[in-house]
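A.B. asks: The following comprises the amino acid sequence and a computationally predicted model.
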Amino acid sequence: MAETPPLRACPEPAEGVSASAGEMLAPLSMTDLLRFSASLYQQLGEDNMLTDYIQAAMRQAHYEILPDDGTFYGEIPGFQGVWANADTLETCRGELAEVLEEWVVFGLRRGHKLPVVDNIDLAVEPEVA
């Protein structure tokens, strides 16, 4: 089985977050990730809301070529800590989408309020035990 790449930390902590980066980005076991994903999809419905949300957020991305080294930098306004930097625009877009996906899953797992994008609100009601 291939080793899972490490999660990327945000350059600055999100507002109101007091945990260290190590605590915030502790890797999930595959079992935990599958359970969380199944729970998330069940709560959000089966209409691809998560995919629609990520695509809508990516349409708001801004890119620029950095004058220092000519690489591409991309970020999404309103998504603190979601950014990417790469040699090509295509690679930058791919990395930005990956960072956004990780940021969304992490935020939902922690119960954070995520930005509403194109009237898509990923607010998930907490499960009652």
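C.D. replies: Ah, there it is.

A.B. asks: Quick one: list the elements packing against the longest helix seen in the chain.
C.D. replies: Of all segments of type helix in the chain, defined using DSSP state H, the longest is helix 89-110. Judged by 3 or more C-beta pairs under 8 Å, 6 or more residues apart in numbering; DSSP states H and E, the packing partners of helix 89-110 are helix 30-44, helix 49-59, strand 62-65, strand 72-75, strand 83-86. Placement of C-beta: from N, CA and C, glycine included.

A.B. asks: Kindly recompute the last result at 7 Å.
C.D. replies: Applying 3 or more C-beta pairs under 7 Å, 6 or more residues apart in numbering; DSSP states H and E, one finds that helix 89-110 makes contact with helix 49-59, strand 72-75, strand 83-86.

A.B. asks: Quick check: mean pLDDT of stretch 75-86?
C.D. replies: When pLDDT is averaged along stretch 75-86, the result is 97.

A.B. asks: on that earlier part again, what about the helices and strands packed on helix 89-110, which gets the closest to V105?
C.D. replies: Minimum separation from V105 across those (C-beta to C-beta) falls at helix 49-59, 9.0 Å.
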